[in-house]
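Asker: Starting from these lines, generate the structure:
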Amino acid sequence: MEKERKEEQLNPEETGTEASEATEDDLKFDKIYSNVASNRYENLRTSYIEIKAKELRKRKK
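Answerer: Coordinates of the predicted model:
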């Protein structure tokens, strides 16, 4: 039991600086993925609007 506790304390993932760096990296990736998803949504929305406008122009002719 004591050996396991010592190993847990020495785990590099849980040390202060490395853990904060990991969360900063995660936040950066989350922001990137959020921006990508937002851009995809915007592109789909723009495409939808352009298609509808094209259909309306065809109907008027």
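
Asker: Okay, helices next: where are they in the protein?
Answerer: Secondary structure of the chain by DSSP state H: the helices cover 2-10, 16-60.

Asker: lowest-confidence stretch among those?
Answerer: With a mean of 53, helix 2-10 has the lowest mean pLDDT of those.

Asker: one step back: what would the helices of the chain look like in JSON lines with mean neighbour count?
Answerer: For every residue, glycine as well, the C-beta is placed using N, CA and C. Listed next are those as JSON lines, based on neighbours: other CB atoms under 10 Å:
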{"stretch": "helix 2-10", "mean neighbour count": "8"}
{"stretch": "helix 16-60", "mean neighbour count": "10"}
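
Asker: For E50, see how far away L56 is.
Answerer: According to CB to CB, to the nearest Å, L56 and E50 sit 11 Å apart.

Asker: so how far is S38 from D26?
Answerer: 18 Å.

Asker: typed the wrong thing, it's I32
Answerer: Taking CB to CB, one finds I32 at 11 Å from S38.

Asker: any common contacting residues for the two?
Answerer: Shared contacts of I32 and S38, defined by CB atoms under 8 Å, 6 or more residues apart in numbering, are absent.
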